[in-house]
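# coordinates only, sequence not included:
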């Protein structure tokens, strides 16, 4: 039984001799709930970007991932990532099945007990594979993804989390700065998405008119962004593991980078089609959130503006890589998360300040280039390249090993792809049977050249004649309604 009492100030006094502030515990637990809501947020965001015949399975996958990773984290995930006796690369089974994870000071911060830190970090472990498996959109079997999420979390996420945040990890010891998951969450998931896209191959009809579709439900895209933006206050602010000025600063720069990123992406898209795209704004806001993640506890507010601008710009143009290299990253996950994470890591190396990190009264860092610590950029680059390379190679190995195990091959058959994953794999629909006939078509209609459908289309500036034709068509539609 845990033996705890309260001191005169009302703080929690543990039998280990440690005093825990109840306000810090409350903020960390509240942040846990904030990060949890981000996971279905990813599902809604992805769902809205796809065709309606594949809309439901993305929301399902978000909930399945929470459940599977929750078990994996209990089973051995937490121990592999955060055991104090870990190697520089991965932990051991000291905390197998959460054995003795109770009231001792956590490895993340002595200000919160290990059990609080454990459930907070679970949410990071759960959202990461969900970001990655968005790459299976419209062409996967759902059953094998259960196994993939468990295996990937064990072999990819846990080691990267260990070397980044565990005090024994090589990147942590080297002095890498990653406040809330630039490498463990975003670079690892974005690169895994690239590996998944290459393994699965192109969707049926890639490069034809049928895949040049618009997002089927922009409201879902906005709703998903709302959940993500809202939850990111806990994602970054909660990573301070304390209710203090550093957590407040993390919330400020998080909101600022998201705002600037959304405006930047939207303006870049406006130059092409002369339309104010809400999908573009949402994509840019998420890119800004991704970029500020590693630096949110290290950089000041002016730097956050640059984080948002660079993320909105670099990630926007990075969406064109799939057209250059001919891979089918349906939801531009590599461009938004892997590239966004690298942008964030690099800018953190430049703009990290010891004064910002020290706002919690505890943390001491040499800072980045602003503090004349020029080696920090090299450390950030080493961490980024290591996370990217490791995730890509290990994800590819996992996929191909599963490929040759009966029943675990992820790629669906042609019939499933035509019918839609929702109907073929689930027998359920996001909107019952509404308008599905427009998306289930005969093979003969896959013969018209066009760019592929995705979050961001191929960058081709609209001509004056095209804009005029669209305007004229719109006027005809209005006249018919009248």
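Perfect, thanks for sending it. None of these values were measured; they are calculated from a predicted model.
# contact partners of stretch 394-405?
With contact meaning Cβ atoms under 8 Å, 6 or more residues apart in numbering, stretch 394-405 is reached by 132, 144, 147-148, 151-152, 155-156, 191-192, 195-196, 198-199, 408-410. (Glycine included, C-beta is placed from N, CA and C.)
# try it again at 10 Å.
Contact with stretch 394-405 is made by 132, 135, 144-145, 147-148, 151-152, 154-156, 159-160, 188-189, 191-196, 198-200, 408-411, as judged by Cβ atoms under 10 Å, 6 or more residues apart in numbering.
# ChimeraX command for the buried members of the residues you listed?
In ChimeraX, a selection of the buried entries from these looks like this (16 or more other Cβ atoms under 10 Å):
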select :132,135,144,145,147,148,151,152,154,155,156,159,160,188,189,191,192,193,194,195,196,198,199,200,408,410,411
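# any regions of the chain where pLDDT drops low?
In the predicted model of the chain, residues 1-2, 432-457, 460-482 satisfy pLDDT under 70.
# in it, which spans are strands?
4-6, 12-14, 19-20 (DSSP state E).
# please produce a markdown table containing these, extended by mean neighbour count.
Below are the strands of the chain laid out as a markdown table (neighbours: other Cβ atoms under 10 Å):
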| stretch | mean neighbour count |
| --- | --- |
| strand 4-6 | 11 |
| strand 12-14 | 17 |
| strand 19-20 | 17 |
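# could the ones you listed be laid out in a markdown table, adding distance to residue 58?
Listed next are the strands of the chain as a markdown table, based on distance: least, Cβ to Cβ, whole Å:
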| stretch | distance to residue 58 |
| --- | --- |
| strand 4-6 | 42 |
| strand 12-14 | 41 |
| strand 19-20 | 39 |
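# what's the span of stretch 292-299, first residue to last?
One end of stretch 292-299 to the other measures 9 Å (Cα to Cα, to the nearest Å).
# likewise stretch 267-285?
End-to-end distance for stretch 267-285, by Cα to Cα: 12 Å.
# what separates it from the chain centre, distance-wise?
Remark: stretch 267-285 is offset 21 Å from the chain centroid, using Cα atoms, centre = their mean, to the nearest Å.
# quick one: buried residues of it?
For stretch 267-285, by 16+ other Cβ under 10 Å, it's 267-269, 273, 277-285.
# and the strands of the chain: which comes nearest residue 50?
Relative to residue 50, the nearest member of the strands of the chain by Cβ to Cβ is strand 19-20, separated by 44.5 Å.
# packing partners of the closest one?
Under the contact definition 3 or more Cβ pairs under 10 Å, 6 or more residues apart in numbering; DSSP states H and E, strand 19-20 sits against strand 12-14.
# neighbours of the residue nearest to residue 127 when sequence neighbours are not counted, how many?
Nearest residue to residue 127, sequence neighbours excluded (Cβ to Cβ, 6 or more residues apart in numbering): residue 39, at 5.0 Å. Using other Cβ atoms under 10 Å, residue 39 is surrounded by 23 other residues.
# the contacts of stretch 394-405 in helices, which ones?
Among those, the members found in helices (DSSP state H) are 132, 144-145, 147-148, 151-152, 159-160, 188-189, 191-196, 198-200.
# coming back round to it: the residue nearest to residue 127 and residue 237, how far apart?
18 Å (Cβ to Cβ, to the nearest Å).
# cool, residue 151 as well?
32 Å.
# and for residue 142?
Residue 142 is 34 Å from residue 237, where distance means Cβ to Cβ.
# likewise residue 143?
37 Å.
# now swap in residue 390 and tell me
28 Å.
# in terms of neighbours, single out the busier of the two.
A direct count of neighbours by other Cβ under 10 Å for residue 390 and residue 237 places residue 237 higher, at 26 against 20.
# tell me which residues touch the more buried one, please.
Counting by Cβ under 10 Å, 6+ apart, residue 237 touches 27, 30-31, 34, 180, 243, 246-255, 296-297.
# are any of the residues you listed buried, and which?
Buried, going by 16+ other Cβ under 10 Å: 27, 31, 34, 180, 243, 246-247, 249-255, 296-297, out of these.
# contact partners of stretch 17-31?
Contacts for stretch 17-31 (Cβ under 10 Å, 6+ apart): 4, 6-7, 9-14, 103-106, 108-113, 115-117, 119-120, 123, 231, 233-244, 247.
# just the buried ones from these?
Neighbour counting with 16+ other Cβ under 10 Å marks 12-14, 103-106, 108-109, 111-113, 115-117, 119-120, 123, 231, 233-244, 247 as buried within the contacts of stretch 17-31.
# if you look at the residues you listed, which of them are in helices?
Among the buried ones among the contacts of stretch 17-31, the ones falling in helices (DSSP H) are 115-117, 119-120, 123, 231, 233-237, 247.
# next, format those residues as a markdown table and append distance to residue 210.
Listed next are those as a markdown table, based on distance: Cβ to Cβ, whole Å:
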| residue | distance to residue 210 |
| --- | --- |
| 115 | 51 |
| 116 | 50 |
| 117 | 48 |
| 119 | 44 |
| 120 | 44 |
| 123 | 37 |
| 231 | 34 |
| 233 | 40 |
| 234 | 40 |
| 235 | 37 |
| 236 | 40 |
| 237 | 43 |
| 247 | 48 |
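# between those residues, which is nearest residue 85?
residue 117 (16.6 Å).
# ok, that closest one - contacts?
Neighbouring residues of residue 117 by Cβ under 10 Å, 6+ apart: 28, 32, 78, 82, 101, 105, 106, 107, 108, 109, 111, 241.
# ok, residue 148 next?
Applying Cβ under 10 Å, 6+ apart, we find residue 148 in contact with 68, 129, 132-133, 136, 140, 192, 196, 395, 398-399, 402, 408, 410.
# rerun that using 8 Å as the cut-off
Residue 148 sits next to 129, 133, 398, 399, 402, 410 when contact means Cβ under 8 Å, 6+ apart.
# do residue 39 as well
Residue 39 sits next to 62, 63, 65, 66, 123, 126, 127, 130 when contact means Cβ under 8 Å, 6+ apart.
# distance check, it against residue 62.
Remark: distance between residue 39 and residue 62 (Cβ to Cβ) = 5 Å.
# joint contacts of the two?
Common neighbours of residue 39 and residue 62 (criterion: Cβ under 8 Å, 6+ apart): residue 130.
# for the contacts of residue 117, which one is nearest residue 363?
residue 109 (9.8 Å).
# check contacts around the closest one.
Contacts for residue 109 (Cβ under 8 Å, 6+ apart) come out as 117, 241, 242.
# next, it: phi, psi?
For residue 109, the backbone dihedrals (degrees, to the nearest 10) come out as phi -170, psi 140.
# can you tell me how far it is from residue 326?
Counting by Cβ to Cβ, the gap from residue 109 to residue 326 is 46 Å.
# surely residue 203 meets residue 140?
No: Residue 203 is beyond contact range of residue 140, at 10.5 Å (criterion: Cβ atoms under 8 Å).
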